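Novice: Fold the following, please.
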Amino acid sequence: MWAEFARFVRLHGNQIAPLGFASLGLGVRGGGGGGGSGEGAGGGGGGGGGEADGLVEEEGAARAEAPKKVLILMSDTGGGHRASAEAIKAAFIQEFGDDYQVFVTDLWTDHTPWPFNQLPRSYSFLVKHGPLWKMTYYGTAPRVVHQPHFAATSTFIAREVAKGLMKYQPDVIISVHPLMQHVPLRILRFHKLVTRCYCPSAEVSKRALKAGLQPSQIKVYGLPVRPSFVKPIQPKDELRRELGMDEYLPAVLLMGGGEGMGPIEATARALGDALYDEVLGEATGQILVICGRNKKLTNRLQSINWKVPVQVKGFVTKMEECMGACDCIITKAGPGTIAEAMIRGLPIILNGYIAGQEAGNVPYVVDNGCGKFSKSPEQIAKIVADWFGPRSDELKMMSQNALKLARPDAVFKIVHDLHELVRQKCFVPQYAYAS
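Specialist: Model prediction:
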C-alpha cells in the first residue's frame with residue numbers, strides 16, 4: 001500500500017500564499033509517463049493525478065466511453081472553500097452534463113484517523129482566537145518547520161488517505177484548499193510539478209512564478225464563483241420586495257460569513273443610528289443583515305426595535321439575490337465574498353480579516369479603489385451614511401471599479417481548461433489501484 005501511496009503523496013508541505021485568494025492546484029497525468037521516481041508524471045504532468053503502470057487496451061476503451069471522474073478536495077474550514085468546490089462542480093454539470101462525474105470530499109475529515117480528522121474543527125477554534133491562529137500560521141511558515149511536520153504526519157495517515165483516493169478512481173484531482181495539498185497529494189500550491197495552477201489574480205501568479213512554476217503552467221482566470229452569479233437577476237426593486245425590504249431606500253448588506261462572525265451587532269446598531277435623519281424623522285437607508293448559522297445573533301437582532309428598515313436573515317443559499325438587492329456590502333476579507341461582490345458591482349467595506357491567508361485581500365480591495373477598510377462600527381456607519389448621501393459619487397465610482405475587476409466567467413474558464421486537458425489522450429490518467 002505504501003508503494004502505491006508514494007505515487008500520490010509528497011512528504012513535505014508548501015506554505016500557504018499570504019495573499020488570501022486561494023489558488024487552485026490541479027494534478028493530472030503528464031504525457032511522458034511517470035517512471036518510479038515518485039516525483040510526479042513526466043512531460044509537465046501534475047503530481048496529484050498519479051502515474052500509469054501500463055495501459056490495458058480494453059480498459060482504456062471502456063474508460064474512454066465512461067464519464068470522466070473529477071475529485072475535488074476541500075475542507076470545511078470556513079465556507080469559502082466549499083463554495084469554490086461547489087462552484088466548480090456546478091460548472092462541470094452545466095457545461096458538460098453527464099460527461100463528468102464530480103465528487104467533493106474532505107479527505108482530512110472523512111479519510112484520516114483521529115486526531116487528524118479533527119483538524120478542520122481545530123481551525124475553527126484557532127481563527128476565533130486570532131493570536132493563536134496568527135502564531136500557528138506564521139510559526140509554521142519556515143520550511144525547516146513544516147516540512148518535517150508534514151513528513152511525519154504522512155506516515156500516520158498514508159493508508160487511510162490512499163484508500164480515500166482510490167475509492168473515487170479520479171481522472172482529475174483538484175485542490176481548493178491548502179490542507180488538501182500539504183500531505184495527501186503532490187498537488188501542492190505553487191508546486192512545480194502541477195499540470196495547472198489556477199491563480200485568481202496577477203499578484204498570486206507572480207508568487208507562483210517565484211515558487212518555480214513555468215508560465216505555461218499558470219492560468220490567471222479569477223476565483224471560481226457559483227454559476228448562478230453569472231445569470232441575469234431580477235431588477236433591484238423586485239428583489240427587495242421579495243426579501244421584505246423597502247423598494248426605494250438605498251441598502252447596505254452586512255454579513256460575517258457562514259458562521260456570523262465579527263462585530264455584526266455593534267455595526268448594525270451603529271448603522272441604525274447613522275442611517276436615520278433626526279431632523280426629518282425618517283430613514284436615509286436600510287440594512288440587510290446575514291447572520292449565517294449564528295441563531296443567537298439572529299434572534300437578538302430580530303428583537304431590536306429599529307428606527308430604520310432592517311431585514312435579518314439566517315443562513316442563505318441565494319447570496320446573489322441578497323447582493324443584487326443592495327448598494328454596498330460590509331464583510332470580513334473572505335476571498336469568495338469579495339469576488340462575488342465585485343461581480344455584482346458592490347463597493348466593499350472590509351471590517352476584519354483572518355491573519356495570514358486573508359491579510360492580502362485588504363490592500364487588494366483598497367488599492368484598486370473598490371472599497372475601504374475599518375474595524376470601527378461607528379466609522380463604518382459614517383462611511384455608509386456618506387455614500388447614501390453627500391458622497392454618492394464615490395459609491396458610484398467604487399462600483400464601477402469593482403465591476404472592472406470582476407471575473408464572472410472564471411469558473412467556466414477553469415472547467416473548460418480542465419476538459420481540454422482531459423480530452424487530450426496524453427493527459428488521461430490510468431491508475432494502478434491496490435486492493
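
Novice: Sketch out the low-pLDDT regions of the stretch 301-435 of the chain for me.
Specialist: Residue ranges of the stretch 301-435 of the chain with pLDDT under 70: 425-435.

Novice: Going along the chain, name the strands of it.
Specialist: Counting by DSSP state E, counting those that start in this stretch, the stretch 301-435 of the chain has strands at residues 310-313, 328-331, 348-350, 371-373.

Novice: how far away is T337 from Q379?
Specialist: 20 Å (Cβ to Cβ, to the nearest Å). Yep, even glycine has a C-beta here, placed from its N, CA and C like the rest.

Novice: Which of these two has more residues huddled nearby?
Specialist: Neighbours were counted for T337 and for Q379 using other Cβ atoms under 10 Å; T337 has more, 26 against 14.

Novice: From P390, how far out is the residue nearest to the more buried one when sequence neighbours are not counted?
Specialist: Closest residue in space to T337, ignoring its immediate chain neighbours: T331 at 5.0 Å, by Cβ to Cβ, 6 or more residues apart in numbering. Distance of T331 to P390, given as Cβ to Cβ: 24 Å.

Novice: Between those two, which has more neighbouring residues?
Specialist: T331 (24 against 9).

Novice: OK, contacts around the more buried one?
Specialist: By Cβ atoms under 8 Å, 6 or more residues apart in numbering, T331 lies in contact with L253, L254, M255, G256, G257, T337, I338, A341, I348, I349, L350, N351.

Novice: Then the second one would be within a strand, right?
Specialist: Yes: going by DSSP: H, G, I helix; E, B strand; the rest coil, the assignment for L254 places it inside a strand.

Novice: surely it meets G292?
Specialist: No: if you go by Cβ atoms under 8 Å, L254 and G292 don't touch, sitting 11.5 Å apart.

Novice: Please identify which helix or strand holds A83.
Specialist: Assigned by DSSP states H and E, A83 belongs to helix 80-96.

Novice: burial of S399, as a residue count?
Specialist: Residues lying near S399 (other Cβ under 10 Å) number 20.

Novice: Okay, it and D327: tell me how far apart.
Specialist: Distance, S399 to D327, by Cβ to Cβ: 8 Å.

Novice: anything in contact with each of those two?
Specialist: Between them, S399 and D327 share these contacting residues under Cβ under 8 Å, 6+ apart: L346, P347.

Novice: and the closest residue to I348 other than its chain neighbours, how many residues sit next to it?
Specialist: Once flanking residues are discounted, I348 sits nearest to G371: 3.3 Å by Cβ to Cβ, 6+ apart. G371: 27 surrounding residues under other Cβ under 10 Å.

Novice: ok, now which ones touch G371?
Specialist: By Cβ under 8 Å, 6+ apart, G371 lies in contact with P347, I348, I349, L350, V365, M398, A402.

Novice: For it, give its distance to R391.
Specialist: Per Cβ to Cβ, G371 is found 13 Å from R391.

Novice: What of L119?
Specialist: 45 Å.

Novice: Could you work out the end-to-end span of stretch 235-249 for me?
Specialist: End-to-end span of stretch 235-249 (Cα to Cα, to the nearest Å): 14 Å.

Novice: give me the low-pLDDT residue ranges for the stretch 51-200 of the chain?
Specialist: 51-65, 76-79, 117, 120, 122-130, 133-134, 136-156, 177-193.

Novice: redo that, cut-off 50
Specialist: 51-58, 63, 184-189 (pLDDT under 50).

Novice: I287 - how many residues pack around it?
Specialist: Per other Cβ under 10 Å, the neighbour tally for I287 reads 27.

Novice: the helices in the stretch 201-350 of the chain, which residues?
Specialist: 202-210, 236-242, 264-274, 295-302, 319-324, 335-343 (DSSP state H, counting those that start in this stretch).

Novice: Just put the ones you listed in CSV and tack on distance to L73.
Specialist: As requested, these are arranged in CSV below (distance: least, Cβ to Cβ, whole Å):
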stretch, distance to L73
helix 202-210, 19
helix 236-242, 35
helix 264-274, 31
helix 295-302, 30
helix 319-324, 23
helix 335-343, 17
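
Novice: Quick check: which of those is nearest to G97?
Specialist: helix 319-324 (22.8 Å; Cβ to Cβ).

Novice: Check which helices and strands the closest one sits against.
Specialist: Secondary-structure packing of helix 319-324 (3 or more Cβ pairs under 8 Å, 6 or more residues apart in numbering; DSSP states H and E): helix 236-242, strand 286-290, helix 335-343.

Novice: hmm, back to that, dump the contacts of G371 to a markdown table, plus neighbour count.
Specialist: Formatted as a markdown table, the contacts of G371 follow (neighbours: other Cβ atoms under 10 Å):
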| residue | neighbour count |
| --- | --- |
| P347 | 27 |
| I348 | 23 |
| I349 | 24 |
| L350 | 26 |
| V365 | 24 |
| M398 | 23 |
| A402 | 25 |
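
Novice: ok so, going back, so which of the helices and strands packed on helix 319-324 comes closest to M319?
Specialist: Closest to M319 of those is helix 335-343 (Cβ to Cβ; 6.4 Å).

Novice: Extract the CA atoms of the closest one and return them as CSV.
Specialist: This file holds the C-alpha atoms of helix 335-343, laid out as CSV (Å, rounded to 0.1, in the frame of the first residue of the first chain):
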residue,chain,number,x,y,z
PRO,A,335,-11.9,36.0,-1.0
GLY,A,336,-15.2,34.3,-2.1
THR,A,337,-17.4,37.1,-0.8
ILE,A,338,-15.1,39.7,-2.3
ALA,A,339,-15.2,38.1,-5.7
GLU,A,340,-19.0,37.8,-5.6
ALA,A,341,-19.4,41.4,-4.5
MET,A,342,-17.2,42.6,-7.4
ILE,A,343,-19.4,40.6,-9.9
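
Novice: ok, residues contacting that helix?
Specialist: The contact list for helix 335-343 (Cβ under 8 Å, 6+ apart) reads 20-22, 79-80, 83-84, 200, 222-223, 225-226, 229-230, 255, 257, 319-320, 323, 329, 331, 348, 358, 361, 364-365, 370, 402-403, 405-408, 410.
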